[in-house]
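>>> Mind looking at a prediction? Sequence and model below.
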Amino acid sequence: MNTQKHKYSDLTPDQYEEHFSNFLIDSWSYSKVATFTRNEKDFEMRYVYREDYKISASSVSGSAYHEALKLYFEGLKQNVVCDLTTLNQEAFEYIESIHANEWKLQKTTPTVENCIEKAFKNSTILLNNFYAEKSIYENDIEEVLFVEERFNEWISLNGVDLPLPCHAVIDLVYRSKDNKIVVLDHKSKSSYTDEKDAKFVIGKQAITYVKVLEARTGLNVDRVCFIENKASKNKDGSSQLKKIDIELDKDIIRLYEAMLYEPIKRMTQAVSDPDYVYITNDNDSFVDKAEIYQFWTKTMIAEIEDFNIQDSKKELIQKRLKKIRDASISSINPKIISEFNKNAAEFIQYNLNNKNMTSQEKIEHILRTFGIVSKVQHTFSGYSSNTFLLDVNAGIPLSKIHRHKLDIAAALNVGNIRIMKDLFVHEGKSYLAIESSKKREDNLLFDIKYLTGVKIPIGLDNFGNTVVWDLENNSTPHMLVCGATGSGKSVCLKSTIEYAKHAGINDIIIFDPKFEFTKYSSKGISVLNDIKDIELEMRELVEEMQERVKSGINSKKLIIFDEFADAVASSKKGKELDIIENIQIGTYAPKKVKGLFGEHTEQGLPKMAMRKVGEFKSLEENLKILLQKGRSTGIRIVAATQRASVKVITGDAKVNFPVQVCFRVPKEVDSKVVIDESGAEVLYGMGDGLIKSPEYLNVIRFQGFFKP
């Protein structure tokens, strides 16, 4: 093991910042080196300009296979063996997490549905192969040390301290039964690596793993294994899992270091020179040449904002981009460059994002490929989404369009779209409404002009209408707000409080178990954080409600209950609610006492004991009472939670909350729990929400207000 300290490992944060400012990338990896060696222009596109690239169904199935094996070996590390069904479920969940605009559409998989189907099929075959032949792994494992461990380490090759850290993910590290340290990599393959070339081809990847593991842990690796799993069945009936072992000694390590050092040196020199010209390899069969050349022309005519470049590299790459653009425009007419770009896009058959088409045209085009003739008659632009009103030809079942949601999303280059459950009526005509998320450029700022009476503004829809919660409407007394972290839930509560104050509602109580609203306690609003205080206040509110019923008081009182599900879960239950008092349970027997005037009988003293004399209602019960009976006395409640679970948001709960607001949630099932339909899982976040209310015919998409 090399114990010499790496010269870059002790830099100060300022020195690190200065050091990395000289490079177009911040780390190297084996995949980056391999890409640079194969096709420099592809490397530039992926890692310098960070252009989004599509993932094929085969690649997704391979990644899903890795996710499932990660689960299996994490279990094995704890002496737990996962069954095949669990592994398949893990793989399926990974595949379902891939957004529509991330799939690479090809001749064999021309739709997103085809891609998903192929990925499901391949991952199932790969896992069946693994489970049938997993002894090839387990017969050698004595102890699992690391599973899918991520490394970002400074390493040395050929005695040279590399100026960029190495990023690597090692699938498996274990101690073998012959007490060797083994690094193992899972590979899903369409064909096995040729045995003659295997050790030379994968030796550079092997030494990368060896070096980062040594740098992090000091462990000396004795062997690197690659186990290849082929989805297509071997015709000779042989094993589907093929194991390639690389036994390591000093000479082998030196050989692989030398083989790896040369391309790393060339790549490092390239990324340290902002004027380096990356060469296109026209013989590269791993890339779409049209995509490469379209990217090439994009660098000649695009601005820095058109690329997904991290902030720390923008200044460096902007200078590079300006030089490329200035040199190109001085020698080639910009019209020629644009025309070449357009021609290149035409050869990218299944990616409409590169076509010179409007969003409306893309929707119409993609549906036409499935035999659906339609026309986008109206387009409305909102803060976080656009709405397209689709006029569909007679005789075409609308369910057919719903089946192609992912394909429409892929055409628009978004993760998913929402199609309104019911038809939307605009100017007296019914349309199918398609909503597509977009990057929000402006905030919808809190403004008193949106307030009318006690109609509390929640946000604006894509048609410019104010979405409100009417506190005077007896059919909308209480509101449920749900959304994941960062979705805009807390901001919605804050704007609701501010609008309520401006509407003249001064009696406001905030239950704040997570301490997000403490600033309001200085504004004359009662804010309670401790669960005991919340429980006590809720009991007093129920008593106040009963008094209001008797006296006929109907003044508005607003209760904001943030994270009510967590509060209910941590509140008192069962015997904790018992009311215990020291009460008399009898008397002791009389006693005869001798006194100055003779003997007399004294009555027995009271016998006391702690006994249950009643029980308090739980926090959940008191909340339910307040929801059911408080509406007629002017009490209005907003309850918010991150947990969109049927255990939290029960049928009874939803009946008591006629107004239901749902911001972005992780899964489709969460959206259905809150608003009875899907859609919230595809929202943009940051105030992009859906509201279901008796005041509106449809579930309405809106952008929430932001109060600085």
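Cool, got the structure. Numbering: from 1, shown residues only.
>>> okay, CA-based contacts and neighbour counts for the rest of this
OK.
>>> Report how many residues lie close to residue 205.
When neighbours are defined as other Cα atoms under 10 Å, residue 205 has 21 of them.
>>> confidence score at it?
Confidence at residue 205, expressed as pLDDT, is 92.
>>> Repeat that for residue 136.
With respect to pLDDT, residue 136 has a value of 95.
>>> I'd like the distance between it and residue 693.
Residue 136 sits 58 Å away from residue 693 when distances are taken as Cα to Cα, to the nearest Å.
>>> what does residue 383 give?
Distance of residue 383 to residue 693, given as Cα to Cα: 21 Å.
>>> next one: residue 619
For residue 619, the distance to residue 693 - Cα to Cα - is 26 Å.
>>> Neighbour count: the two, which is higher?
residue 619 (26 against 20).
>>> May I ask you to confirm that the more buried one is in contact with residue 571?
Yes. Between residue 619 and residue 571 there is a contact at 6.6 Å, judged by Cα atoms under 8 Å.
>>> Please enumerate the shared neighbours of those two.
Residues within reach of residue 619 and of residue 571 at once, by Cα atoms under 8 Å, 6 or more residues apart in numbering, are residue 535.
>>> Now do the contacts for residue 576.
If you count contacts by Cα under 8 Å, 6+ apart, then residue 576 has nothing around it.
>>> My assumption is that it lies in a helix; please confirm.
Yes. Assessed with DSSP: H, G, I helix; E, B strand; the rest coil, residue 576 lies in a helix.
>>> Output the longest strand belonging to this protein.
Counting residues, the longest strand in the chain under DSSP state E turns out to be strand 141-153.
>>> For that one, buried residues please.
Across strand 141-153, burial judged by 16 or more other Cα atoms under 10 Å covers 141, 143-148, 151-153.
>>> same deal with stretch 458-470?
Residues 458-462, 466-470 are the ones in stretch 458-470 that count as buried (16+ other Cα under 10 Å).
>>> Check what pLDDT the residue lying closest to residue 587 once chain neighbours are set aside gets.
Nearest non-adjacent residue to residue 587, counting by Cα to Cα, 6 or more residues apart in numbering: residue 606, 4.3 Å away. Residue 606 is assigned 84 on the pLDDT scale.
>>> Check the one 4 residues further on too.
At residue 610, the predicted lDDT confidence score is 80.
>>> ok, now residue 289?
84.
>>> Correct me if wrong: it contacts residue 281.
No. With contact defined as Cα under 8 Å, residue 289 and residue 281 do not form a contacting pair (9.1 Å).
>>> quick one, which of those two is more surrounded?
residue 289 (19 against 16).
>>> how close does the closest residue to the more buried one other than its chain neighbours get to residue 267?
Nearest residue to residue 289, sequence neighbours excluded (Cα to Cα, 6+ apart): residue 282, at 7.2 Å. Separation of residue 282 from residue 267 (Cα to Cα) stands at 19 Å.
>>> who's more crowded, these two?
Per other Cα under 10 Å, whichever of residue 282 and residue 267 has more neighbours is residue 267, with 20 against 11.
>>> Quick check: which element contains the more buried one?
Using DSSP states H and E, residue 267 sits in helix 250-271.
>>> next helix or strand past that helix?
helix 289-301.
>>> Which other helices and strands does that following helix contact?
Judged by 3 or more Cα pairs under 8 Å, 6 or more residues apart in numbering; DSSP states H and E, the packing partners of helix 289-301 are helix 40-43, helix 311-331, helix 334-346.
>>> can you list the weak-confidence ranges in the stretch 251-400 of the chain?
In the predicted model of the stretch 251-400 of the chain, residues 327-350, 354 satisfy pLDDT under 70.
>>> change it to 90
Scanning the stretch 251-400 of the chain with the threshold set as pLDDT under 90 gives 252, 274-275, 285-312, 314-357, 368-371, 373, 392-400.
>>> And the strands in the stretch 51-200 of the chain, which stretches?
For the stretch 51-200 of the chain, the strands defined by DSSP state E, counting those that start in this stretch occupy 141-153, 156-157, 160-161, 166-176, 181-189.
>>> Actually, the stretch 451-600 of the chain.
455-461, 466-470, 479-482, 508-511, 526-528, 557-561, 578-587, 591-595, 598-602.
>>> looking at these, which is buried most?
Compared across the strands of the stretch 451-600 of the chain, strand 479-482 shows the largest average neighbour count, a mean of 26 (mean count of other Cα atoms under 10 Å).
>>> neighbouring strands for that strand, and are they parallel or not?
Applying DSSP bridges, strand 479-482 is found paired with strand 635-641 (parallel), strand 659-662 (parallel).
>>> What is the subsequent helix or strand relative to the shortest one?
Counting by DSSP H and E, the element after strand 659-662 in chain order, helix or strand, is helix 668-675.
>>> Next secondary structure element downstream of that next one?
By DSSP H and E, the next helix or strand past helix 668-675 is strand 688-692.
>>> Need the residues that contact stretch 635-649.
So stretch 635-649 is contacted by 471, 477-485, 489, 555-566, 626-627, 630, 665, 670-671, 673-674 (Cα under 8 Å, 6+ apart).
>>> so where's the stretch 451-600 of the chain shaky on pLDDT?
474, 485-486, 506, 518-519, 521-524, 549-555, 564-600.
>>> make it 50
For the stretch 451-600 of the chain, no stretch has pLDDT under 50.
>>> what about the helices in the stretch 1-150 of the chain?
Using DSSP state H, counting those that start in this stretch, the helices of the stretch 1-150 of the chain run over residues 13-20, 30-38, 40-43, 57-77, 84-96, 112-133, 135-138.
>>> Tabulate the CA atom coordinates of the third one in PDB.
In this case it means helix 40-43. Extracted C-alpha coordinates of helix 40-43, given in PDB (Å, rounded to 0.1, in the frame of the first residue of the first chain):
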ATOM      1  CA  GLU A  40     -14.000  13.300 -27.400                       C
ATOM      2  CA  LYS A  41     -17.000  15.200 -28.700                       C
ATOM      3  CA  ASP A  42     -19.400  12.800 -26.800                       C
ATOM      4  CA  PHE A  43     -17.300  13.500 -23.700                       C
END
